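Engineer: sequence and predicted structure, then a few things I'm wondering about:
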Amino acid sequence: MITGQLKSKIDKLWEEFWTGGITNPLTVIEQITFLMYARMLDMNEQKDERLFARNKKPFSRRFNDEQQHLRWQNLRHLGAEELYKAVKDELFPFFAASSNQDNEGSLFAEFMKDAQLMIQKQSLLVKAVEMVNDLPLDNADTKGDLYEYLLSKLTTAGINGQFRTPRHIIRAMVEIMDPDKNSRICDPSTGTGGFLSVSYEYLLEKYTSPEAIEREPLFDEEGKPLLDSDGKQLENVLYSGDLIDPEDRKHIDTDMFHGFDFDATMLRVAAMNLVMHGIKQPDIHYQDTLSQSFLEKFPNEAKSGMDILLANPPFKGSLDEEDVCPEILRKVKTKKTELLFVALIERMLRIGGRSATIVPDGVLFGSSKAHQQLRQLLVDNNQLEAVISLPSGVFKPYAGVSTAILIFTKGGTTDHVWFYDVQADGFSLDDKRTPIKDNDLPDLVAQFKARDKAVAETEANDRVITDSKKHFWVSKEDITSNKYDLSINRYKEVVYEEEQYDPPKEILGKLVSLETEILADLKELEGMI
């Protein structure tokens, strides 16, 4: 959470871009990302210079002697015309050529090759530089929240919201997966990097000792305390991750988080999102993960290399078979991306690795051979743990499609599958998505973690074990006998409540009495004319 004052700064920066003629939210975020990156490069250079002044230990310089004028501290003092020329003609080519190995440059190098300055007005660039310079990018505890707030603009601006899975849905999925400090986590359709950044936040919370948790009260621009709906003061809760040792920290910074996408703009945004959260060198790559080249370029990631897969892959796409890796087609022969991605995820997991993946409901009950083939793969060759039905409005106003979360472990066998019917997620299910009190997500996570005890107490020959109206178990036998149908309504017990009605003669008498009253009123009205 960030203060109202900082939100106001972001809002003003956003408005400057819109009034300056840049109205695509993704382009706005991308351009702000470039400027943030330029400033952070110089901040890191200054940090290394201070260390060098103390210990005389050489470091890999980001800017050589001829590039000193491109450092943020020098750029921001230039006049409008000089600034625009330096940024457009020199800074962006510098981004593209950046290839330092021990700093953020190596992460961004492959994404910056096609970067372009979309700001056309010199005055807008001057204002943007001033505002970015005023953001607290030197505050490690604030940077991640700051960028998350910037990304939230994607869902409020009326365009490109499909790139951002709701944060509270991601959080529930991460809590269910419960990653630890040794996990290798991947999203094969990374988007803005939400699944990876939330996983990192979860890890910091998990590995912070109680005495190391810091609480920072929040105030508005006038210095008044910010209060929640119950009148309690809002606060930032800061987690240091003090229980993470240096060796684990190295793994987190370099080999824990893996992301792939074939949209260079999204990769730039995702990379900055993760760096802003505090991950030094996340493994983010420009790559179509459904292609054969993915397996050739990234064999360790593409096949049996991941502990946890979290994803909300593209829906309703269709690919030519020649563009898809043959190994995936052997698992499920189809052109539909929602099916191909689930098969890809199953391939990427190591034995015992787990996945939480959002899929459209059609994956659960589609009658085509490919749909049944995929569901059979999950049930017969893996341990399908849970099918979590989400309300159809969670992706509004951008999409009203009904979705579900598939939870499965690679390998093993499926005996029973746990179903949960999420009916509310804390927000209204209309286009406005305003906050409401009804929220099944905390109960979902709690019930999922307690479900093993429930299934252990059931008898092996039980077909459907009902725990409540919202969650229940279904046996593999029932699923296979229904062509591997995984839709919740196929198995959900419908409880019919008996309605009580008056006897027919009594209802007829009431109708006659009502008609008599109407006729009397009509006669009275007629007499008045």
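Structural biologist: Ah, there it is.

Engineer: what residues are bridge-paired with Phe419?
Structural biologist: According to DSSP bridges, Val387, Phe472 are recorded as the beta-bridge partners of Phe419.

Engineer: quick one: low-confidence residue ranges for the stretch 51-200 of the chain.
Structural biologist: For the stretch 51-200 of the chain, the stretches flagged by pLDDT under 70 are 98-111, 140-141, 155-164.

Engineer: that one: strands as residue ranges?
Structural biologist: With strands called from DSSP state E, counting those that start in this stretch, the stretch 51-200 of the chain shows them at 185-187.

Engineer: which residues does Arg354 bridge with?
Structural biologist: With DSSP bridges as the rule, Arg354 is bridged to Ile308, Thr409.

Engineer: so it sits against Met177, correct?
Structural biologist: Yes - taking contacts as Cβ atoms under 8 Å, Arg354 lies within contact range of Met177: 6.1 Å. For every residue, glycine as well, the C-beta is placed using N, CA and C.

Engineer: so between these two, which is more surrounded?
Structural biologist: Per other Cβ atoms under 10 Å, whichever of Arg354 and Met177 has more neighbours is Arg354, with 23 against 20.

Engineer: where does the stretch 251-400 of the chain dip in pLDDT?
Structural biologist: Scanning the stretch 251-400 of the chain for pLDDT under 70 picks out 316, 397-398.

Engineer: now do the strands in it.
Structural biologist: Going by DSSP E, counting those that start in this stretch, the stretch 251-400 of the chain shows strands at 257-261, 283-286, 306-311, 349-360, 382-390.

Engineer: so which of these comes closest to Pro93?
Structural biologist: Ranking the strands of the stretch 251-400 of the chain by proximity to Pro93 (Cβ to Cβ) places strand 283-286 first, at 19.1 Å.

Engineer: circling back: in CSV, list the strands of the stretch 251-400 of the chain along with distance to Leu511.
Structural biologist: Putting the strands of the stretch 251-400 of the chain into CSV (distance: least, Cβ to Cβ, whole Å) gives the following:
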stretch, distance to Leu511
strand 257-261, 66
strand 283-286, 71
strand 306-311, 59
strand 349-360, 48
strand 382-390, 43
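
Engineer: what's the local residue count around the closest residue to Ala270 other than its chain neighbours?
Structural biologist: Counting by Cβ to Cβ, 6 or more residues apart in numbering, Gly193 is the residue found nearest to Ala270 once chain neighbours are left out, at 3.4 Å. Other residues near Gly193 come to 31 when the count uses other Cβ under 10 Å.

Engineer: contacts only, for Gly193.
Structural biologist: Neighbour list for Gly193: Asp187, Gly259, Val269, Ala270, Ala271, Asn273, Leu274, Pro282, Ile284 [criterion: Cβ atoms under 8 Å, 6 or more residues apart in numbering].

Engineer: and of these, the nearest to Gln68?
Structural biologist: Nearest to Gln68, judged by Cβ to Cβ, of the contacts of Gly193 is Ala271 at 25.2 Å.

Engineer: I'd say that closest one and Tyr286 touch.
Structural biologist: No - at 10.4 Å, Ala271 and Tyr286 do not qualify as touching, with contact defined as Cβ under 8 Å.

Engineer: more neighbours, those two?
Structural biologist: For Ala271 versus Tyr286, neighbours defined as other Cβ under 10 Å are more numerous around Ala271 (26 against 16).
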